[in-house]
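In: Next come a sequence and a model predicted from it.
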Amino acid sequence: MADFRRVADEVAADIAAGRLRPGERLPPQRAFARGRGIADSTAGRVYAELARRGLVVGEVGRGTFVRAAERAPGPALAEPAAARVDLELNYPVVPGQSALLAAGLERLRRPDVLDAALGPVGVAGTAAAREAAAALLSASGGRTAPSEVLFAGNGRQAIAGAVAALVPPGGRLAVEALTYPVIKGIAARLGVTLVPVPSDEQGLRPDALADAHRAAPLGAVYLQPTLHNPSGTTMPSQRRAELAAALERLGLHAIEDRIWAFLREDGPEPLAAHAAGRTVLVDSLSKRLAPGLSLGFAVPPAGLSGRVAAALRSGGWGPAGFALDAAAGWIADGTVESVTRAKRADAASRQRIAAGRLAGAAVRSDPCSYFCWWDLPRPWRAETFVAAAARRGIAVTPAAAFVVGNSAAPRAVRFGLASPPPEALARALDVLAEIAAAGPDDTTVD
């Protein structure tokens, strides 16, 4: 039976993050139970727990609704209380990058170039785009040939295309037990069941993957070997080689998410370099450059190229011609490399801020990463801490957002470092340290 408190934590986190808004109606309990794969009685306990916490209110004959949040007692930061410090979303933008990008767009002002960029383009892109993308991906480790590259509208669509190509509806996709939350939504929309696989300090365990495959056949495995989100760990080369051997032995394919890997200049070779015939590598430019630039890459083995291309086309996940042309130019003229170097320095600087402001806290990360994982001190629970931080104008992500299956969520939160200015980040981390030290009894509002 699912732990009703874990499910309540997930709903509470959605409320704290604004994904469920004040006044929004929750599904009837039976529909909620079906949607979550839990018993009707468990759904009843979830709703009762949410009401006990003051997060929802039931109205006879109408249903259960999210309560309006109480007004915060006062601002914790120098900004007005309404100014939300977002440590949940993680979109790095460094000073001066817009000027660099603007310079690279000059050639697109020529009518003939713009005409071509505004025309239709397929998932194979253009010859110039394939050359540029292959050079970029090869610079990150491994060897990518231009003919191997496929394009998607963004990184999420590249992941979705790979999943759709490898796992049929009703099939099973292995993931790390703590994983990128978006993969849960992708799997649900494709009718795919996620199977959590245990990891250790070196990453996903090949023996646990084999156990999961023996229990019931898997269609593929999705994982983030470099700068894993949310833990920040990077799988060493030896574990990658062991995992590659397991993939070959089990006849499985992997989807390797390298969207954050650009921050590790000296990182291990991609898993795809160890298991070239078994790995679909996915990447994008949204973190390297800017969230408003949407372009994803998928590099499947030769035998899977047609299937992945067909999945991208049928899903409507192909690239936009303008973004493709602009990105090819920025890669070729060195703009992407310049911005990448600046972001590596920025991430390292922000990690130093976090280390100083949260000294002594059980925070895990990588010196190159834009996010941190915080094992909270007792008696804090993740959803209670998230709610307390939200009342002080700070958004962080509870561990439940990254949990797959019915496992209890750790007493932990993930916080991103990329979005606020450094001064606001430092002040926000000071407030989080103050909240953690005070304890839930001193910060919660009944």
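Out: Okay, I see it.

In: how near is the residue nearest to L105 when sequence neighbours are not counted to A298?
Out: Excluding the flanking residues, the one nearest L105 by Cβ to Cβ, 6 or more residues apart in numbering is A326, at 6.4 Å. Placement of C-beta: from N, CA and C, glycine included. The gap separating A326 from A298 is 19 Å, by Cβ to Cβ, to the nearest Å.

In: Report how many residues lie close to the residue nearest to L105.
Out: 23 (other Cβ atoms under 10 Å).

In: which other residues reach the helix or strand encompassing it?
Out: Using DSSP states H and E, A326 falls within helix 321-332. Contacts to helix 321-332, defined as Cβ atoms under 8 Å, 6 or more residues apart in numbering, come from residues 101, 104-105, 107-108, 113, 116-121, 125-126, 128-129, 131-133, 135-136, 151, 285, 289, 293-295, 335-336.

In: Also stretch 232-250?
Out: 199, 201-204, 206-207, 209-210, 213, 218, 221, 225-228, 252-254, 264, 267-269, 271, 274-275, 278-279, 364-366, 369, 371-373.

In: Can you list the helices and strands that the lengthiest helix in the chain packs against?
Out: Identified as the longest helix of the chain according to DSSP state H is helix 335-357. Other helices and strands packing on helix 335-357, by 3 or more Cβ pairs under 8 Å, 6 or more residues apart in numbering; DSSP states H and E, are helix 97-104, helix 321-332, helix 422-438.

In: cutoff 7 Å now
Out: With contacts taken as 3 or more Cβ pairs under 7 Å, 6 or more residues apart in numbering; DSSP states H and E, helix 335-357 sits against helix 97-104, helix 422-438.

In: name the helices or strands packed onto the first one?
Out: Translated: helix 97-104. helix 321-332, helix 335-357.

In: most tightly surrounded among those helices?
Out: helix 321-332 (a mean of 22; mean count of other Cβ atoms under 10 Å).

In: Now do the residue lying closest to A135 once chain neighbours are set aside, the pLDDT please.
Out: Excluding the flanking residues, the one nearest A135 by Cβ to Cβ, 6+ apart is I331, at 6.6 Å. With respect to pLDDT, I331 scores 92.

In: Same question for the one 4 residues further on.
Out: At T335 the predicted local distance difference test score is 91.

In: what comes up buried for stretch 210-225?
Out: For stretch 210-225, the neighbour count (16 or more other Cβ atoms under 10 Å) marks 210, 212-213, 218-225 as buried.

In: how about the spatially most central residue of the chain, what does it touch?
Out: Centroid-nearest residue in the chain, with Cα atoms, centre = their mean: Y180, separated by 4.0 Å. Shown in contact with Y180 (Cβ atoms under 7 Å, 6 or more residues apart in numbering): 224, 229, 257.

In: Please flag which of those residues sit within strands.
Out: Using DSSP state E, the members of those that fall within strands are D257.

In: Return the item of the contacts of Y180 having minimum pLDDT.
Out: N229 (94).

In: hang on, it packs against F371?
Out: Yes: between N229 and F371 there is a contact under Cβ atoms under 7 Å: 6.5 Å.

In: Helices of the stretch 101-250 of the chain, start to end?
Out: For the stretch 101-250 of the chain, the helices defined by DSSP state H, counting those that start in this stretch cover 111-117, 127-139, 155-166, 182-190, 206-215, 237-250.

In: Could you work out which of those helices reaches nearest to R357?
Out: The closest of the helices of the stretch 101-250 of the chain to R357 is helix 182-190. By Cβ to Cβ, the value is 28.5 Å.

In: tell me the mean pLDDT for the closest one?
Out: Rounded mean pLDDT across helix 182-190 is 94.

In: what sits against S284?
Out: Contacts for S284 (Cβ under 7 Å, 6+ apart) come out as 154-155, 158, 259, 295-297.

In: Run through the bridge partners of it.
Out: Following DSSP bridges, S284 is listed with bridge partners G296.

In: From E383, how far off is it?
Out: 30 Å.

In: same deal with A117?
Out: Going from A117 to E383 by Cβ to Cβ gives 46 Å.

In: What pLDDT is listed against L77?
Out: Checking the pLDDT column for L77, the value is 40.

In: please renumber so the chain begins at 47
Out: Renumbered: residue one is now 47, and that last one reads L123.

In: residues contacting A162?
Out: Applying Cβ under 7 Å, 6+ apart, no residues qualify as near A162.

In: Look at E194 and say how many residues are nearby.
Out: Count around E194 with other Cβ under 10 Å applied: 20.

In: Equivalent analysis for D60, please.
Out: 19.

In: hang on, isn't it packed against L66?
Out: Yes: when contacts are counted by Cβ under 7 Å, D60 is listed as touching L66 (4.5 Å).

In: sorry, back to before: from the buried residues of stretch 256-271, which single one is nearest S465?
Out: Q270 (20.2 Å).

In: Provide a list of residues in contact with that closest one.
Out: 226, 303.

In: Let me know the distance separating it from I232.
Out: If you go by Cβ to Cβ, the gap between Q270 and I232 works out to 14 Å.

In: Give me the distance between stretch 399-416 and the centre of its chain.
Out: Here stretch 399-416 is found 19 Å from its chain centre; the criterion is Cα atoms, centre = their mean, to the nearest Å.

In: Mind listing what's buried along it?
Out: So for stretch 399-416, counting by 16+ other Cβ under 10 Å, buried means 400, 403-404, 407, 409-412, 414-416.

In: can you tell me which of those residues are in strands?
Out: 409-410.

In: continuing past the host helix or strand of I301, what's the next helix or strand?
Out: Element membership of I301 [criterion: DSSP H and E] is strand 300-303. Using DSSP H and E, the helix or strand that follows strand 300-303 towards the C-terminus is helix 317-320.

In: was I right about A322 contacting P346?
Out: No: the pair A322 / P346 is not scored as a contact, 10.4 Å apart, by Cβ under 7 Å.

In: ok, those two, which is more surrounded?
Out: Neighbour comparison, A322 and P346: the larger count goes to P346, with 26 against 17 (by other Cβ under 10 Å).
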